[in-house]
Every structure is written in C-alpha cells, then in structure tokens.
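In: Starting from these lines, generate the structure:
(4 chains)
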Amino acid sequence: MISVEDFAAGADAWFAEHTPRDVPFMMPLTFMEVGTDEQFEFLRDWQNTVYKAGYLGAHWPTDYGGGGLTQKHQDAATRAMRKHGAPIMLNAIGIGWAGPLILDTGTEEEKRKYLPGILSADDIWCQGFSEPDNGSDLGNAQLKAVRDGDEYVLNGSKIWTTQGNYAKYMILLARTDFDAPNKYAGLSFFLAPMRIPGVETTKIRKLTGEYGFTQTFFTDARIPADTLMGEEGGGWKVAMRTLEYERGARGGQAGGYTISQTDPLEVVGLAKRAMRNGKPALEDPVMRDRLMAQMIEAQAMMANRERSKIMPLVQEKPFALPMLSKLQFTEYARETGELALELEGAQGGYYVGDEASREDGYWQRSYLNAFSATIGGGTSQIQRNIVGEHVLGLPKTR
Amino acid sequence: MISVEDFAAGADAWFAEHTPRDVPFMMPLTFMEVGTDEQFEFLRDWQNTVYKAGYLGAHWPTDYGGGGLTQKHQDAATRAMRKHGAPIMLNAIGIGWAGPLILDTGTEEEKRKYLPGILSADDIWCQGFSEPDNGSDLGNAQLKAVRDGDEYVLNGSKIWTTQGNYAKYMILLARTDFDAPNKYAGLSFFLAPMRIPGVETTKIRKLTGEYGFTQTFFTDARIPADTLMGEEGGGWKVAMRTLEYERGARGGQAGGYTISQTDPLEVVGLAKRAMRNGKPALEDPVMRDRLMAQMIEAQAMMANRERSKIMPLVQEKPFALPMLSKLQFTEYARETGELALELEGAQGGYYVGDEASREDGYWQRSYLNAFSATIGGGTSQIQRNIVGEHVLGLPKTR
Amino acid sequence: MTHHLAKIALTEMQAELRDQAMKFCADKSPIAKVRALLTDERGYDPDVWQEMADLGWLGIAIPETHEGLGLELADIVPVAEAMGKYLMASPFISTTLAAQAILFGGSDRQKAEWLPKLASGTVATVALFEPSGAWDLDTVEGETKTFVLNADAAEIIVTTVRHDGQTRLALIPRDRIEVERETIIDETKRSYRFDVPKVTEDDLMPADLTAAALDRIELVANLMQSAELSGAAMACVDYTVDYLKTRKQFGKVIGAFQALKHPTVDAFIDAEGARSLLYAAATHVEKQGDGEIAVRMANAKAQGALSYAADRSIQFHGGFGFTYDCDAQLYRRVAMFAASQFGDAAFHRARLAELLL
Amino acid sequence: MTHHLAKIALTEMQAELRDQAMKFCADKSPIAKVRALLTDERGYDPDVWQEMADLGWLGIAIPETHEGLGLELADIVPVAEAMGKYLMASPFISTTLAAQAILFGGSDRQKAEWLPKLASGTVATVALFEPSGAWDLDTVEGETKTFVLNADAAEIIVTTVRHDGQTRLALIPRDRIEVERETIIDETKRSYRFDVPKVTEDDLMPADLTAAALDRIELVANLMQSAELSGAAMACVDYTVDYLKTRKQFGKVIGAFQALKHPTVDAFIDAEGARSLLYAAATHVEKQGDGEIAVRMANAKAQGALSYAADRSIQFHGGFGFTYDCDAQLYRRVAMFAASQFGDAAFHRARLAELLL
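Out: This is a model prediction of the structure:
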C-alpha cells in the first residue's frame, strides 16, 4: 500500500494542477447552493474527475468502487482539496449520509448496487426527512408508506430536498404505522428510488432569488419493499445514526468536502476594502469597534475548537463545545452579514449581478443565505433548547 | 370654592418657599428607597406639612380629612410639587392604593377611621401581596387566614413589603379557602393591623447595599374579622381593583407623587460631564454613537406617550402603548445605567460615598436599582408575555 | 434637550388623509400585485399612478400658485407611510423629491414650468449619488450618477453636477440622458445609473439656492423614507404575528414559545417607537434645526426597527422564511436598500451627535 | 490575520495546577467566607495567604535566581481563574503585578532585595492610576494615586511618579505612605488612594526600563483579570442555572421558560468563549505583539461575558435577585470594577483596532 506521505504528495500535486480556475459562473460554496444546471454539470464532472484520480473514497473497499486505502489517505486528499481551494464535492448526501450508512449496515448487494455510483457522482442522492408541516419536528413525519405485497406505496411530501431535481435516490423517513405507541415508533427508513411514477419535484426559490432546494411530492408512488433499511418501525434509529455520520461523530464518510468552510475572519478583508460615505470604512471608529467585537467572536469560536481537543480544559462539560458550535457559528455568520452591510455603506444597496456591487453582492447574498443555517438543521431557537437542556441540564420546554 | 387658578398660584408660591433644600442625606427618589430612619422621619414630616398646607388630599371629602375641593385642584398642587422638585410623598400605599379603595368601597366607619391618618402620614400603610415562593404568581398566594369567631388567624409570610417596618396597616391578600375551585377564588383581602402579636418584620437589604423593603412574618396573628374588604373569597377582585388605582386607571388617589420621575435624557448630562481615559467621554465616537442610540430610545418613549393621547394614531391597537410602556421604560433605565458605566470610565469603579465617585455613585446605584423595576410589578419577561398575548394576540405561554 | 421634539400634532385632514391612503394602498397594492410588479420592467402601475395624481397627492406640498394643494410636508407622511405598509411601488417619493428640489432650488421659470406638471402626475426624480458612495450630497464629481430611482419613467431629472468648480443642481430632460438599469437589493424599486450629459446654463438651477435645495432634499427624503420604513415595519410585525398564530410545531401553535414571542414583542415595540418618532418628525419638520434632528431620529429608529423585524421574521418563519415566497425577505430588502440611501442608522447617529452635543 | 492566536497549549503541570487551585479555592473560599470578608477591614484571610505562599504560588513567575519557581506567566492563569471562580479575596494579583514590575523594571539591587520576599508571601502592590481616570499608564502627574489594591496590607508599593519631567517607576516602602481606603463597587476587594510622597534616587527604578515595565504590568494585569473574570463568568452561569433548575413559578420549574433558558444559554456560550480566549492568551502572552492582541481579546470578551451573565443572573433571580443576599450582585460588581481598571471592553477594542488594522 502506498504510504500516506507519498499519497499526500501525489494529491497535493494533482490538485495543484487540476483545480479549475476562473470558472465563468458563481461557484457554489456548499452543496445546498447548486442552483443552475451549469453549476450542477460542472460539479458532477469535477467529482467524477477527482474520484477517478483516486482522491475520493480512497479508503472505501475496492469491491465497492473505493481505493482500498485507509482513512488517513483520504484525509490527506481532503486536506489537499481544501488547500488548493478545489470546488466542493457535489454528491453530499451520498458521500456523507447514505454511503456511510450503507457501508456500515447495508447488505452485500446494497453495497455493490449503491456505493460506486455515489463516488462517481453518477447516482445523486438526496435526503427526505423534513416535511412542510414538520420542519423542526422531524419525529412527527407524516409521509405515508403502506405495505402492499412486495412494495410500499408512498403518499405525502418532503421539503428542503437539496438536489431533489437531480437525485436518483432519496434516503427517506416515512410513517409506516399511524397507531404506534409513540410518534417515533411508527417511522421507517428507505433507500427510495426517485425516478418512478408518482414522484414529482418542484424547485424552491430561495430568498436570495436563487434555487437549490426542491419539494418532492409522492402520489401513490410504489417502491420495492427491499429498499427498507433496518426494520419497519425502526426508522428513527436509522435516521439518528445517519445524522451522526453527517456530523462526523461516526466514521465512514467518503471524504472530500461538501461545504467550503468560510473563514470567520473574511469580513476583515471586506472592512479593509469597503468605503462608507466616500471614505474607507475603517476610518470610522464606530465601524472599527464593531469589527473588533466581531473579530473577538471569531477568535473565540476558533479557540473553542482548539480547546475542545484538550480534555483537561473541557472536563466539566465535555460535550458543551461541540453542542454549542452550530448555534454559535451560524448566528455569527448572520451577524457578520449584518456588519458587512454596514461596512459597505451605499454599496450595500446593489445586489448580485450589478457592476457596481462590491464583490458581486457577495455579502448581501451571504447575509440572506446565512438563514439557511440558522434555520436548517434545527433552528437557533431549537439549538438553544438543546444546549440548555443537554448541556446545562435545564428542564425541557414544551 | 377657591378657583383652580388661584389654588394653583397659591401652591406654586407655597412650594417655592417651603420645598426643603440642601438636605444633608441622600433624598429617596421613590418611596421604595426609604432605607434609613432619618429619611423616613424627614419624609413623614414633609408629607404632614404638605397635607396641613392643604396640598395633599385636596379633593378628598372634608369629613375624612380632605380639602373638599376637586381633582383639578389637587392636580395643580401635584404639578407644583414636581415643578419645584419637592421631596416625594412618603405614604405611597396609603395615598395610591389603600386610600382610594377605602374611599371608593369602604364603609362610612372605615373611611373615618383610616383616611385622615393616610393623609397626615400618621398611619403608614404597606402592601402584602407577594410571597417568597410566589413572586411573579400573585394569584397563588398561600398566606393562610382562618376564621375563628370574630377574628382571622394569619400564618405565613409576605415579602417586598415597602416600609413594612414602619407601617401601621397592611393591605393583605390571604388565602381563606384552600379547596376553592380555582386558585383565585380562595383569596380574601384585608386591611390588616401590623402592630399586633404574631407579626414580625425583617428588613431586606437590597443589592445596592441599602434597605427599603421588609419581609413580614405572621405567626398565629389574630386580626378582627371586620378588617375583611369585600367578601370572603373575593380578594382577587379587590386586589385587581387596587392595582387599577395604583396605575391611575381609576381616580381617587390622594395626589402628590410618590415616585420622582427621572428624566430619560438625564444621561446626556452625564455624558457631557464624564471623562473616559482622561478625556471627555464625548470625544469618543463610539460613546457618541451609543449615547445617540439611547437618546433616540428616550425620544421614542416620549413620543409614544404623546401619541397615546391621539386616538386616530392608535386606533389599530388602542391599548398597545400603555401596555408596553412599563417594559420599555424599565429596560431603558437599566440600559441607561449600563451606558452610564461606560461613559464614566474609571470612575465607574467607585461607589456611593467615595469622594472621587462621579455624582456620588448615582449611576452605579441607579443601574443596580433599575432591577427593582425590571423585576418588580411583573418582570420584563412576564411583561413580554402580557404584550405578546394581550396586544398581539399570541397564544399563552405556559 | 429634545423633550419638545416629542410633541405630536395631527390635523383632522391628516387623519382623514391617512385613512384614505391606507385604504387606497390596501386596495391597489395587495401582495399578489406587489409580487407581479417585481418582474415588471417599469416596476409600478401607471394607472394607479394616475389615480394618485387625480387624488391630488402629487401636489400636496406644492403651493397653490403652482397648481398644487399648498399643504404641508407633514401631509405627505400618511401617503408615504401607507405605501410603505403595503409595499406599494410608485414614483411618489422620487417625484416629490424632485418637486421639493425645484421649489427650493429652482428659478421662477423652472418652477412655473415644472411644478404644475409634477403636481398633475408627470414623473420626475433626483440624481444625487455617485459611485464614491458619499452620503454628503455636496461631495460631487458630476460624472456618473447612481441610485436614480424611476429614472427611466421620469420626464425630468434633478441632478447635482460639477460646474465651474462648484456643486450645482440642474434640471435635465430625461430624453437627453441615457439610463441603464441597476440591480438593487430591493426589487420593489427601479434604480438606474447614467453618465451626466453636458449641461447648459439653461439647465442649471440658481447657484445661490443650491445649498438650501440640497438640505431640503435630504430632509424630505429622510422624512419620507422614515414613513415608508415605519409603515413597512408595522406590516412586517403583523405578518410575523399572523404566522406565529397559525403555524404549529411539536403540537403547539408556535407563537406560544417565548423564544419567538418575546423577540416579536421587541420588534413590535421598536416599530411603535418608530411610528411615534415619525409623527413627531412630521410635526417638527419645518422648524429650522429641530426638523433635521427629529427627522434623523425617526429615520435611524425606523431603519433599525424594520431591519430587526424583518430579520426575525425570516428566522421565525423557519424553512418557509428561507424561500422567495415568504414576504419577510421583501421587507428585509427594503431596509437594506434604505440603508444605502441618504445614510444608514449609524450615519444618522453621527450627524445627530454633531447637532446635539 | 489572527488564526494562529487561537491555538491553545496546555502543559501537564498547568492542568495539575488548575485542579489544585480549583480545589484550594473551593475549600478556602466558600461563599459564607466570601461574604464574611466583605466587611473585614483587610478583606482577605492572612492564613490562607500564607498557605498560598507555602504552595509556592507567589513565586510562579519569579525566576529561580530570585527564589521563585521560574515558571511561566501562563502558569499564573489557573490560580487567578480559580480565585475568580470562587470570588476569593487575596493580594495575589497585586503582589504578582508588583513582582513583574520589579522583575522587568527594577535594578539588580531592587530585584535581589524584593523578589525573594514577594515570592515567599510579602504583600506588595502597584499604584498606576490617578484621578484623571487615564488608562494610559504613562499619562502621569504623580501627585495622587487611586485604585491601589491592598495598599494597606502591602509592605512595598510600586508606583509611577513624575520625576524631572519624566514618568518613572519607584519602589516605595509602605511606611512612608499614608493610605486612605476608597469605597469601590466591588466589595470583595480593598482599594486605597494616597498622596505620592517625595521620592529619593534610591526609590527610583532605572529610567531606561520604565516603558518595558509599564507594558509588562499592563499585559500581566489584563491577563490575570481575564482569568479572574472568566472564572467568575462560569461560576455565575452555574449559579443562575442552579436557581433555574429549582425555582418554581406558575407550577413550573422556571428553567423551562425559554425567556430564561435562552439568554442563559447565550451567557454560557459567552463564558465558554471567554475561557477559550483566556487559554489562548495564556499560550501566546510571552510573544511580542501577539501577546497583547491575545490578552486584550480575552479581556474584552471576559468583561462582556461576566457583565452579561451577572446582569441576567440578577434579573432571572427575580425578587431574590434584587437582594444583597443573592450572589448575582457580587459577580456584577466584580465586572463593574474590572471595567474601571486598565480599560473596559470598548477601550480594548479600540486598542485592538490599532494593533490589527
């Protein structure tokens, strides 16, 4: 087996050479921002190219399309991607959610059927957990799956399906039993095919004006009964397990990165360039004060991450820092957007596509997009409940 | 009857001449801040003097010690007090709560017994609604009053009793029926004597270090049964009526003022005098920005008050402005205290009594005292529930 | 001190005008219409515009000698407030600003020629901003103008120019200007840029009136914007409250959660304060010195109130809040654009500090 | 950029010292003891002070050549943090500051004479502030000193003076100074003012070391204060949480109300951030330039965290929060006093802007 060092050097050289530059359209920073066919096709090709070069799924077994190397190899490849600012890996739900789940708990047949297409991006996956009436309350999913011979018949709707319009498969949380003793016990988990009669997707337009999500409607859609993962009624457990892969709490992700981490101190660059009232924004002491407050917040988040690795410094509440980081980072991003608007002064009035907009409206768009994270994956309000209850031990709200 | 104009002129002249100046101790700005015997004696004498001069209870009937004039006369006297910055009227619970209640619903005998002493400040009144375990939840009062012949026997404790240590009488909310169909129906309202066996008061020290409240303990204390106001079990209704007198929603207050209104723009004066880092605070643009934000808030509150009088401009939600004003003003006061600390720079480190403190620690003390208002009379959190539910029509929290 | 600036006066006529304007805008600008106009090139409905002209609204603050109604600036406020509340697109603000510019900065000839037309519905606008982003209106290079609202529909544009080393105002017919549409954050409005053409002596407004006219434009613009934003803030809170009353999660109407209820109360209190300051500003706007103070306070407060209300509205609508279909984004974008015009809240506070300290 | 300043290093010894200090302070400074000392004239327990000396804590950052332990500044942090957490009164900070001042600004003779004494428990302090309220330590008139902590108990005072038109540091024995106790907002501390006596050449510390010594004092003071405030912030959040878990109103444990729960979570997140920045500051404090940045960030954050946590703690304790008996006021006063010393959060942010932009 090639040594990690040699593999890393190879990856470094490869990404240095092959990372696309000067792409003539806006490059999505997260897999949730893929809004045009042009972006989609480009990123699908790019993932396929990376995979073929051996830098995605390097540690997955060769039988299932992987490279047969170790996690350390893949981590080295992922680091190289980041270092060279490579575009994100497109097939995020496959790479980070469905793939690890199948690799971990799937049958031999499922592994052979699904895993290679995840890596090559031939088979795009999407996720069907949220429903229009149950955005925050996943356990209350109502999409109905009724067993009928070798099939389940699906009726209902899922929402916030990233790449739903491109996906071949969906990991789906559906209700198979409406009389179960509690709402969780009635749920089942499927690897549902999407290109079948009775499944339709509608694109959802985001508040930024762009696309990137869909709503999926199921009307008497029939899926094979063997697409059930785990047991009927055991869907909540499978879903929770899947979330753990996504959060990196369990290994098995195919590697690469699907969200290009923004630098929390990026706003400092803007502050140095921006003009307010015809003068450099940083000549204004009030803006300086606000920028420093924001920098200190950013620094606190980075220091939190460092501290979370040092056991003696987190021993009082070992899970506090990981549990609060989503809330902290997403609210920070939204506040940074607000600060950016102030720093930009009059230029904050333009929007993406205007020649006079600063950085092509990046910050206006970024502020609006920030809500995807303060809302998605559990709103900030729900995150505060979680931290309050699970870290501080306060009684449940409800 | 003397004309209002002449009476007003007389009051103006009288307060111009008699308002005490250069008092050698800190003058309480509200009746809740009377913390020393020196302050108490001084204010009792002052109220008595004002009463004897005819400027308190001017509109109460002469049979009960009043002046037999009209509300307009008394209002003119009150305006004169404010204008000349006269000390507050001490016997606040008597003047604003118990007095109007008795005048309005008491028997002839009660009126003759209680009202003159309220005006002369010979009989100090206090209020016994809150209990240690039921601060926010008045309706849940647990102090037990058991009928025994011509008497009720009291057991339990009341807290936040302003001037409890000086009072001769207490308006008391007690539970006479523990089996009532709901918590409110078990409550009764008494004009309870305080100087009887089984009643003890302990002074409560405030977070400022000063005194002003007491806790009152009742241990088999016996009060005459005819001190009951209204019916047994009808105490909640009487208490709510009493609160309306206090809020000025019903007439009948003896007049004068018991809380010296602070000017919301007072902080501007501090800002002009204060030094930060050895330089005038207002040379610092960050402080200027914060001060302006605070001035705009103050201005908004004052404009709200103006607007609340103009029906066409409040027609959508006629009660909104009065209902939100307590929350808005008290939080404003707390925030002003915080801003003042910043403006004061290093001098914020001193406290009341230090020769180098700015304005004898007024702002530090004022910030700490501000919590009495963000907590007392319904915490800001409860106020937000009230505005959310009663003004915006949002569903009840609980 | 500024206590006296909190006083509010309201004439019976203003109260009636307010009712009338609210009904008109509610009727002419339901949300479906607002959304349909987002993709309309002109961005407003010319028939509705003509109706506004017929109602006399465009002549409110134009003297009777110039065929206006000869009323006060304060009387414009109810109209702008109603338009803001219903997100109603129209060239009302730009035309009113142009009229005030001509009234305070124009020659007798210019006033006589243009004011009657503007009072009867001719669209006009003002061009004051340049790529430098300066909010100080006398900082002018005079080459390119930006953020010129409704320039395409206008017949005449009042613009600042550089002439003989001085900042001057000029009145340029639209047909001598080539405008290019800008992409702005607020899609309910239409903004354009253009290169300033050569101006003739005939175009210029009298030099000695420039400063007064610029002050007037800024004052009126900030007042009208306060009205727009204050109206929008109140509507945005109502919109949020409606959702909180109906949406259920975890088996509960979500408005029962304090995490949503309490910030919404705070947004409401902000919006109420903005409204009160607006009426106070309308009351004092014509008073030298006091007018600017009252107007900047109202504007700073209204910007903050709408930004906060809309930001929380997006958040509290959850997933739906993240969609283009949720109106919260419309409100948020109105606030974002407003901050780019004539100064954001921090700018007003800095000016207020100069005026007050 | 400042990414590298987020790195945190922790030696095994520091981890052990932290455990030891936490246990010591928990044991020696239960809240009853803290409250008893509020009215004690000296304000701290000399027996506990001697125990601290015996543990070697006073010599941590004094070189072995001067009979200290010769460890690093970072090793002081756990002790100051534990003291802050348990509101433990002692002259630890003032003595440590005096030691650092002498170490960086003293002559060989002064070092040899005083450092071994301070390492073994002699109390000392620094006198840097004057009635002007200036936080810039070299702005000195040299007549009156204020905010001199533990001056009464000190044997020696390091003070800034004005000498031949220059700002200088001098080491003055306590018996030549008449101190007067000040009334300060934080009753866990003892502060004094005094008139600067005539200084002799013998008192003065070398002129060429003045600037470096003042920089050192400011750096160490801000680091130790960060530790104190960060420890206090965490304790204050814990104190609030305990109450929210037990107090009932409306038939419900009040911690279930989001109006109390969510701000407490925010306070907790602030306090955690302050802790992380503290350890990052301890890691980088000795690096030229970086040290000041990391320390000012930690300090600004810790001040904000404790102020917010304590302000909310008072509020959320309801009526009890308004009493002297509730500990929330103790925490709030610690934060208020800290803001008056060496600069408040806004001051640090202004300095950071100069350093970073």
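In: where do the helices sit along chain C?
Out: C:12-28, C:31-38, C:46-54, C:77-85, C:92-105, C:108-119, C:210-246, C:258-284, C:290-316, C:318-321, C:328-340, C:345-356 (DSSP state H).
In: Between the ones you listed, which one is closest to D:L169.
Out: When the helices of chain C are compared by Cβ to Cβ, helix C:345-356 sits nearest D:L169, at 38.9 Å. C-betas here are computed from N, CA, C, even on glycine.
In: any idea of the angle that closest one forms with helix C:290-316?
Out: 160 degrees (axes from the mean of the first three to the mean of the last three Cα atoms, to 10 degrees).
In: can you tell if helix C:345-356 touches chain A?
Out: Yes: using Cβ under 8 Å from any Cβ of the partner chain, helix C:345-356 reaches chain A at C:346-347, C:350.
In: helices or strands up against that helix?
Out: helix A:285-307, helix B:285-307, helix C:290-316 (3 or more Cβ pairs under 8 Å, 6 or more residues apart in numbering or on different chains; DSSP states H and E).
In: Need the residues that contact that helix.
Out: Residues from elsewhere that reach helix C:345-356, judged by Cβ atoms under 8 Å, 6 or more residues apart in numbering or on different chains: A:276-277, A:284, A:286-287, A:342, B:268, B:282, B:285, B:288-289, B:291-293, B:295-296, C:2, C:135, C:222, C:289, C:292-293, C:296-297, C:299-301, C:303-304, C:339, C:343.
In: filter those to the buried ones?
Out: Buried by 16 or more other Cβ atoms under 10 Å in any protein chain shown: A:276-277, A:284, A:286-287, A:342, B:268, B:282, B:285, B:288-289, B:291-293, B:295-296, C:2, C:135, C:222, C:292-293, C:296-297, C:299-301, C:303-304, C:339, C:343, out of the contacts of helix C:345-356.
In: quick one: the helix or strand of chain C with the lowest mean pLDDT near chain B?
Out: Least confident helix or strand, chain C: strand C:248-249 with a mean of 90, by mean pLDDT, DSSP states H and E. No: judged by Cβ under 8 Å from any Cβ, strand C:248-249 and chain B are separated, with a smallest distance of 10.2 Å.
In: how far out from the middle of the chain is that strand?
Out: Distance, stretch centre to chain centre, for strand C:248-249: 37 Å (Cα atoms, centre = their mean, to the nearest Å).
In: for chain A, what are the low-confidence residue spans?
Out: For chain A, applying pLDDT under 70 flags the ranges A:248-249, A:398.
In: Mind splitting it into its structural domains?
Out: Listed by automatic domain parsing, the domain ranges of chain A are A:4-120, A:126-237, A:266-391.
In: these two touch, right, A:F15 and A:K83?
Out: Yes: the pair A:F15 / A:K83 is scored as a contact, 7.2 Å apart, by Cβ atoms under 8 Å.
In: Between those two, tell me which one has more neighbours.
Out: Using other Cβ atoms under 10 Å in any protein chain shown, the more surrounded residue of A:F15 and A:K83 is A:F15, with 21 against 13.
In: Skipping adjacent residues, who's closest to the more buried one in space?
Out: A:H84 (4.1 Å; Cβ to Cβ, 6 or more residues apart in numbering or on different chains).
In: again, but for C:A235
Out: C:A235's closest residue in space is C:K85 (Cβ to Cβ, 6+ apart), at 4.6 Å.
In: picking up where we left off before, would you mind saying which of the helices and strands packed on helix C:345-356 lies nearest chain D?
Out: With Cβ to the nearest Cβ as the measure, helix A:285-307 is the member of the helices and strands packed on helix C:345-356 nearest chain D (3.3 Å).
In: Would you pull up how far the closest one lies from the middle of the chain?
Out: Distance of helix A:285-307 from its chain centroid, counting by Cα atoms, centre = their mean, is 25 Å.
In: Tell me the first helix or strand C-terminal of that helix.
Out: helix A:320-344 (DSSP states H and E).
In: Which helix or strand lies directly C-terminal to that following helix?
Out: Following helix A:320-344 in sequence, per DSSP H and E, is helix A:362-375.
In: tell me what that following helix is packed against?
Out: helix A:320-344, helix C:290-316, helix C:318-321, helix C:328-340.
In: The same query, at a cut-off of 7 Å, please.
Out: helix A:320-344, helix C:290-316, helix C:318-321 (3 or more Cβ pairs under 7 Å, 6 or more residues apart in numbering or on different chains; DSSP states H and E).
In: just how off-centre is the last one within its chain?
Out: It refers to helix C:318-321. 28 Å.
In: Need the residues that contact that helix.
Out: For helix C:318-321, the surrounding residues in contact (Cβ atoms under 7 Å, 6 or more residues apart in numbering or on different chains) are A:130, A:135-136, A:159-160, A:371, A:375, A:379, C:313-315, C:326, C:328.
In: for chain B, what are the nearby residues on the stretch 1-150 of chain C?
Out: C:1-3, C:5-8, C:10, C:15 (Cβ under 7 Å from any Cβ of the partner chain).
In: List just the nearest of the residues you listed to chain A.
Out: Nearest to chain A among those is C:T2, at 21.1 Å by Cβ to the nearest Cβ.
In: quick revisit: burial count for the residue nearest to A:F15?
Out: 16.
In: Next, give phi and psi for it.
Out: phi -90, psi 10 (degrees, to the nearest 10).
In: Show the contacting residues for it.
Out: Applying Cβ under 7 Å, 6+ apart, we find A:H84 in contact with A:15-16, A:19.
In: How about C:F316?
Out: Applying Cβ under 7 Å, 6+ apart to C:F316 gives the contacts C:240, C:244, C:260, C:264.
In: do C:A53 as well
Out: C:120-121.
In: Just the element for A:M170, please.
Out: Using DSSP H and E, A:M170 maps to strand A:169-175.
In: next helix or strand past that strand?
Out: By DSSP H and E, the next helix or strand past strand A:169-175 is strand A:187-193.
In: roughly how far out does that next one sit from the chain middle?
Out: The answer for strand A:187-193 is 20 Å, by Cα atoms, centre = their mean.
In: Direction included, what does it pair against?
Out: Applying DSSP bridges, strand A:187-193 is found paired with strand A:169-175 (antiparallel), strand A:228-229 (antiparallel).
In: Other residues contacting it?
Out: Taking Cβ under 7 Å, 6+ apart as the rule, strand A:187-193 contacts A:98, A:114, A:141, A:145, A:169-176, A:223, A:227-230, A:232-233, A:235-236, A:238-239.
In: Taking the stretch 1-150 of chain A, what residue is nearest to chain C?
Out: Counting by Cβ to the nearest Cβ, the stretch 1-150 of chain A gets nearest chain C through A:G135, at 4.4 Å.
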